[in-house]
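Peer 1: next one to model:
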Amino acid sequence: MNNSHAMNSEEFAVPATAGLVKLLRLSMAVLLGTILLVFSARVVGQAVNATLLGTVADSSGAVVAGAKVTIKEMRTGVSRMATTNESGNYQFSDIAPGQYEVTVERDGFKKAVRTGVDVLVNSDIRVNVTIDIGTNQETVVVSSETPILETDRADTGRKIEERQVEDLPLTFNRNFQSLLNLVPGSRQQLGVRGFERQ
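Peer 2: Residues are numbered from 1 along each chain as shown. Modelled structure (predicted):
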């Protein structure tokens, strides 16, 4: 009888060990998932979108609060809407790069439309709009011009067109990092991979 008792304890030892292995694997999976969640915020550091902001004022220069501002991406037709705050400011964060149309409406004022607003990756584009007293049925359309100096940010960036990429002689197997030589203020250090800003 003693032998049968020893066999029974061995039979129960194997399932207990298997249960510990499963528990260990589950706890490792939970730990790995927690680590990935904690450090995943750092992955979002790549800036692929932009911000469109501005101030709405009337012809006398007084800010207009409560104006409805609508932006529309011209290629996709995607629209977003915001309302100016008490300072007459509006802001659209995290928008995709592209060419936008900005429309401003407010009761007692003519509708103002700014077309051809180019929004580039990782940029803050300011579009200040002046609206005139009138009716909503009247529309003033202004074609946007690119600002000479961006005053909202201190960093610089460049948009490299597809034609430039195709036509330029790139060194070393057409390495895309050679395009960084086109951006003013960047240079490659000898013996170091990558670029730095001056």
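Peer 1: can you pull out the helices in the protein?
Peer 2: With helices called from DSSP state H, the chain shows them at 2-39, 162-167, 171-174.
Peer 1: which stretch in those is the model least sure about?
Peer 2: For those, the stretch scoring lowest in mean pLDDT is helix 171-174; its value is a mean of 61.
Peer 1: so where is the chain shaky, pLDDT-wise?
Peer 2: 1-16, 40-47, 136-159, 165, 169-198 (pLDDT under 70).
Peer 1: ranges for the strands of it?
Peer 2: Across the chain, reading from the start of the chain, the strands by DSSP state E fall at 50-58, 68-73, 79-83, 89-95, 98-105, 111-119, 124-126, 129-131, 139-143, 186-188, 195-197.
Peer 1: and those as JSON lines, adding distance to Leu23 and mean neighbour count?
Peer 2: From N, CA and C alone the C-beta is placed, and that goes for glycine too. Listed next are the strands of the chain as JSON lines, based on distance: least, CB to CB, whole Å; neighbours: other CB atoms under 10 Å:
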{"stretch": "strand 50-58", "distance to Leu23": "48", "mean neighbour count": "20"}
{"stretch": "strand 68-73", "distance to Leu23": "51", "mean neighbour count": "19"}
{"stretch": "strand 79-83", "distance to Leu23": "49", "mean neighbour count": "13"}
{"stretch": "strand 89-95", "distance to Leu23": "42", "mean neighbour count": "16"}
{"stretch": "strand 98-105", "distance to Leu23": "51", "mean neighbour count": "20"}
{"stretch": "strand 111-119", "distance to Leu23": "52", "mean neighbour count": "18"}
{"stretch": "strand 124-126", "distance to Leu23": "51", "mean neighbour count": "18"}
{"stretch": "strand 129-131", "distance to Leu23": "62", "mean neighbour count": "20"}
{"stretch": "strand 139-143", "distance to Leu23": "67", "mean neighbour count": "12"}
{"stretch": "strand 186-188", "distance to Leu23": "52", "mean neighbour count": "13"}
{"stretch": "strand 195-197", "distance to Leu23": "49", "mean neighbour count": "11"}
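Peer 1: of all the ones you listed, which lies closest to Gly33?
Peer 2: Nearest to Gly33 among the strands of the chain is strand 89-95; the distance by CB to CB comes to 26.4 Å.
Peer 1: and of the strands of the chain, who's closest to Lys22?
Peer 2: Judged by CB to CB, the one of these that comes nearest to Lys22 is strand 89-95, at 42.4 Å.
Peer 1: please list the outside residues in contact with the closest one.
Peer 2: Taking CB atoms under 8 Å, 6 or more residues apart in numbering as the criterion, the residues outside strand 89-95 that touch it are 49-56, 63, 67, 69, 71, 73, 80, 82-84, 119.
Peer 1: one more pass at 6 Å, please.
Peer 2: Residues outside strand 89-95 that contact it (CB atoms under 6 Å, 6 or more residues apart in numbering): 49-53, 55, 69, 71, 80, 82, 84.
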